[in-house]
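Visitor: quick one, structure for this:
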Amino acid sequence: MKATTMKTAETNPLYQSRILPIVQHAETRIKTLILLSFLFGKPKLALLTSVLNIIKSVQKQIPAEFGDVSAYVNGLVARSDFYIKEYYDKPQTSFLKIRTELQRTNPAARIDNAKQLYELTSHPRDLWAEAKASPNVVNYPTELKKTIAKLSESPMTVQEPGKKPISIWQKAELDTRYQNQMQMLQDLRVKGEDLCWISSHVDCSKRCEPWQGKLVSLEKHGDANFVVDTVDGHTVYSLPDIMAQVDKYGYHNNIICGFNCRHRLIPYRKGTVAPKEYKKGEIAKQRSIEGAIRERERQIRLYKTNEHLYNESGITPPTIKGVPLKKYIKGLESSYKAFCEKHGYAWQEYRIKI
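Guide: Predicted structure coming up:
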């Protein structure tokens, strides 16, 4: 839905719609490669080569003006290495142990890869009982499904020095918004503007709430309370000082430069007043709605990843609350879109694709 009358929780949506699918698709492809390499016994070298090619593709696709692309590359490399250890190396060791055990009790059984073992143990026959198969063999299908679930749920993260790890999706959102905000700031400086009002919107974050509606200087520094001066009876605060604050996770996460910040800077003119301020109750309500929208999007992407891994591996996806996974996802999508429309927000297809 792209109706212009609908609210949006996005900044720089055209850029987000270009960048976010790149990182999401890369994450899905890497997870799929690792799972299939384990299931079908593909060589580790071939797996490493394929993963590296995906990462190189991401590096080429992200525009140079987007910023520090190395953070994405380093994150993809480090997280892929973790995935390979957890979902290729460890399961491979477990598979070899179970296969050896099964062939000891039933020498006629020929099992070349983990997918074959899954199919055999998912459809037990009398020979398993006769062989008195161990719990490891019997429980193999359940354990494999747990592995697929864990791989689906494990986020691809980016770790920057001195900062808390965040998902690569969050990193891409942060960077697209930051780029948009910094361009706005630069354009105002080029025009010679210094004093600006900070816009107000009802669903702003807690970190932005104290500053929306305030008059700021784009260039000057202030005192310990960020105060620069008083103009026409209005207190002027230092935007550079406000933006320079670092949160407990190491990020410059404040108004204008922060996560998901959609505030605008409005040039000050004598006689103008602060943009509309909203009551705290209204702000809390809208913040809750936006949070619920984002959580619905994350859940849809998670379940779609889960379904994709099952389909690619040729294993029947499990049911969720007694409902086939594909049908359950369609229900989540319908609920998500209805929720957005009910509260006046536009939904975007790329945010629920993998």
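
Visitor: for residue 258, pull up the helix or strand it's in.
Guide: Under the criterion DSSP states H and E, no helix or strand holds residue 258.

Visitor: tell me the contacts of the spatially closest residue to it that is not a sequence neighbour?
Guide: Nearest non-adjacent residue to residue 258, counting by CB to CB, 6 or more residues apart in numbering: residue 207, 6.0 Å away. Every C-beta, even on glycine, is put in place using the N, C-alpha and C of the backbone. Neighbouring residues of residue 207 by CB atoms under 8 Å, 6 or more residues apart in numbering: 247, 253, 254, 255, 258.

Visitor: relative to residue 297, how far out is residue 207?
Guide: As judged by CB to CB, to the nearest Å, residue 207 and residue 297 stand 22 Å apart.

Visitor: thinking again about what came up before, just the buried ones among the contacts of residue 207, please.
Guide: 253, 254, 255, 258 (16 or more other CB atoms under 10 Å).

Visitor: now for those residues: which two are most distant?
Guide: Spatial extent of the buried ones among the contacts of residue 207 (CB to CB) is set by the pair 253 and 255 at 9.5 Å.

Visitor: so which strand or helix has residue 336?
Guide: helix 325-342.

Visitor: pLDDT score for the residue nearest to residue 258?
Guide: Residue 207 carries a pLDDT score of 84 in this model.

Visitor: can you map out the helices along the stretch 201-350 of the chain?
Guide: Using DSSP state H, counting those that start in this stretch, the helices found in the stretch 201-350 of the chain span residues 239-243, 280-313, 325-342.

Visitor: so which other helices or strands are in contact with the first one?
Guide: With contacts taken as 3 or more CB pairs under 8 Å, 6 or more residues apart in numbering; DSSP states H and E, helix 239-243 sits against strand 215-217.

Visitor: 7 Å instead, please
Guide: Judged by 3 or more CB pairs under 7 Å, 6 or more residues apart in numbering; DSSP states H and E, helix 239-243 is in contact with no other helix or strand.

Visitor: and for the second one?
Guide: Packed against helix 280-313, as judged by 3+ CB pairs under 7 Å, 6+ apart, are the following elements: helix 13-39, helix 140-153, helix 325-342.

Visitor: out of these, which is closest to residue 241?
Guide: Nearest of these to residue 241, taken as CB to CB: helix 13-39 at 27.7 Å.

Visitor: next structured bit after the closest one?
Guide: Following helix 13-39 in sequence, per DSSP H and E, is helix 44-61.

Visitor: re the thing from before, closest to residue 347 among the buried ones among the contacts of residue 207?
Guide: Distance to residue 347, by CB to CB, is smallest for residue 258 among the buried ones among the contacts of residue 207, at 23.3 Å.

Visitor: least trustworthy helix or strand in the protein by mean pLDDT?
Guide: Within the chain, confidence by mean pLDDT, DSSP states H and E is lowest for helix 126-130 among all helices and strands, at a mean of 47.

Visitor: next one: phi and psi at the residue most central in space within the chain?
Guide: In the chain, the centroid-proximal residue (CA atoms, centre = their mean) is residue 169; its distance is 3.1 Å. Backbone torsions for residue 169, taken as degrees, to the nearest 10, come to phi -70, psi -50.

Visitor: contact partners for it?
Guide: Each residue near residue 169 by CB atoms under 7 Å, 6 or more residues apart in numbering is listed here: 20, 23, 24.

Visitor: so the second one touches residue 168, yeah?
Guide: Yes: here residue 23 reaches residue 168: they are 4.8 Å apart, a contact under CB atoms under 7 Å.

Visitor: what residues are shared contacts of these two?
Guide: In contact with both residue 23 and residue 168: residue 72, using CB under 7 Å, 6+ apart.

Visitor: quick revisit: okay, the helices and strands packed on helix 280-313 in a markdown table with mean pLDDT and mean neighbour count next?
Guide: As requested, the helices and strands packed on helix 280-313 are exported to a markdown table (pLDDT from 0 to 100; neighbours: other CB atoms under 10 Å):
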| stretch | mean pLDDT | mean neighbour count |
| --- | --- | --- |
| helix 13-39 | 89 | 20 |
| helix 140-153 | 91 | 17 |
| helix 325-342 | 95 | 15 |
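
Visitor: can you tell which of these is closest to residue 263?
Guide: That would be helix 13-39 among the helices and strands packed on helix 280-313, by CB to CB, at 15.9 Å.

Visitor: which secondary structure elements does the closest one sit against?
Guide: helix 44-61, helix 70-84, helix 114-122, helix 140-153, helix 168-190, helix 280-313.

Visitor: distance check, the residue nearest to the centre of the chain against residue 43.
Guide: 30 Å.

Visitor: what's residue 274 sitting at in phi/psi?
Guide: Per degrees, to the nearest 10, the backbone of residue 274 is at phi -60, psi 140.

Visitor: was I right about it contacting residue 197?
Guide: Yes: the criterion here is CB under 7 Å, and residue 274 meets it with residue 197 at 5.9 Å.

Visitor: appreciated, that's everything.
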